[in-house]
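Asks: Would you be able to build a 3D model of this:
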Amino acid sequence: KLGSVPVPSDIAARDPSFRWDDGCGLCKSMPATPAWPPRSAPRLFVSDELAEGRILALDGQHAHYLGKVMRVNKGDAVILCDNQTGEWAARVGQVDIRRVDVTVVERLRSREHVPDFWLCPALLKKDRFDFVLEKATELGVAAIHPVITRRCVADKLNPDRAQTLVTEAAEQCARTALPEVSVPVKLDALLRDWPADRVLFFADELGGEPAVDAFKAGRESPRRRGPASGEEPTTDDQADGGPRLRGGAALLIGPEGGFDEAERDAIRALPHARAITLGPRILRGETAALAATALWMGVMGDWKPEQE
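Replies: Numbers count the residues shown, from 1 in each chain. As a prediction, this is how the structure comes out:
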């Protein structure tokens, strides 16, 4: 002890924020500097390419969200993504009724490398397909290619609404890359134009290989879409006669009534198609799509450690 004042080592052992004041010879604790940008900062995707020092004038829905919903003030932090260069911290400047100015300060992360996995779900009723779009984005798919089959109860998809749903989901789960969402195509067109370097897993209610076994056998390793993926995918034959592709993978999910016999035969005729089963129970279209996607991400995607 130094009189009634504890020695610095005594304080430091109890208080990591301890600092020694050389000026007066007394010990004191100083509050830690808060992290910037804070984790609670609003997150937005913008169409402009971002760079340090760039000033953006956000209007429309972005201005409404920041000004009216989040009630940002001058000097507050905002996190921006442009789906090109990554994630950036920005600082709020002028805040008006219909416009919010922000200045890009620094890049926090580069654009993520996304596992090269396509989800090809048959169109469902509006609210259920909205759920698929949202959750597939959160699970990390690279692309969503809606399919129209004979038993679909819907045959249209609003592209603007779909893009809004996946963008909001990406903001919520802190993705820095948006999934591609294509216009719906009929099943026969999808199969006709199927790329030769991509395995197609399809959920067959009449039976198939257990999904996890098929995923492991169908690909040697996940190929990710991004700056680091430069190698060309190759194809090898497996002992069971099925394809082993080192390129991308895709998952085809049927509608509520399943594929009809002709559709099933057409899918099985595709050289790179593998029928899978998702367990003993009959699943709704949205459940099957998301359950199988989660399985693939856990087995072959970016949920598993890189060294495995």
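Asks: Model confidence score at residue 304, please.
Replies: Residue 304 is assigned a pLDDT of 71 by the prediction.
Asks: ok, it - contacts?
Replies: Residue 304 sits next to residue 298 when contact means Cβ atoms under 8 Å, 6 or more residues apart in numbering. Heads up, the C-betas are built off the backbone N, CA and C, glycines and all.
Asks: What are the neighbouring residues in contact with the residue nearest the centre of the chain?
Replies: Residue closest to the average C-alpha location in the chain (Cα atoms, centre = their mean): residue 140, at 3.3 Å. Residue 140 makes contact with 114-115, 117, 175, 297, 301-303 under the criterion Cβ under 8 Å, 6+ apart.
Asks: what ranges of this structure fall below the confidence cut-off?
Replies: 1-34, 36, 218-247, 305-308 (pLDDT under 70).
Asks: Assign a three-state SS to the closest residue to residue 102 other than its chain neighbours, would you?
Replies: Nearest non-adjacent residue to residue 102, counting by Cβ to Cβ, 6 or more residues apart in numbering: residue 90, 4.2 Å away. The three-state assignment at residue 90 reads strand, by DSSP: H, G, I helix; E, B strand; the rest coil.
Asks: in the sheet, who's paired with residue 90?
Replies: Beta-bridge pairing of residue 90 under DSSP bridges involves residue 78, residue 104.
Asks: How many neighbouring residues does it have?
Replies: Here the count is done by other Cβ atoms under 10 Å, and residue 90 has 26 residues near it.
Asks: ok, now residue 106?
Replies: Residue 106: 11 neighbours (other Cβ under 10 Å).
Asks: now residue 44
Replies: 22.
Asks: what separates it from residue 193, distance-wise?
Replies: Using Cβ to Cβ, to the nearest Å, residue 44 is found at 35 Å from residue 193.
Asks: do residue 170 as well
Replies: 27 Å.
Asks: Those two: who's more crowded?
Replies: Legend: neighbour count by other Cβ under 10 Å for residue 170 and residue 193, higher for residue 170 (21 against 8).
Asks: State whether the residue nearest to residue 102 and residue 55 are indeed in contact, as I suppose.
Replies: No: applying Cβ atoms under 8 Å as the test, residue 90 and residue 55 come out as separate, 9.2 Å apart.
Asks: got any residues that touch both of these two?
Replies: With Cβ under 8 Å, 6+ apart as the test, residue 90 and residue 55 both reach 102-104.
Asks: show me where the stretch 101-250 of the chain has helices.
Replies: Secondary structure of the stretch 101-250 of the chain (DSSP state H, counting those that start in this stretch): helices at 126-139, 159-172, 187-192, 211-218.
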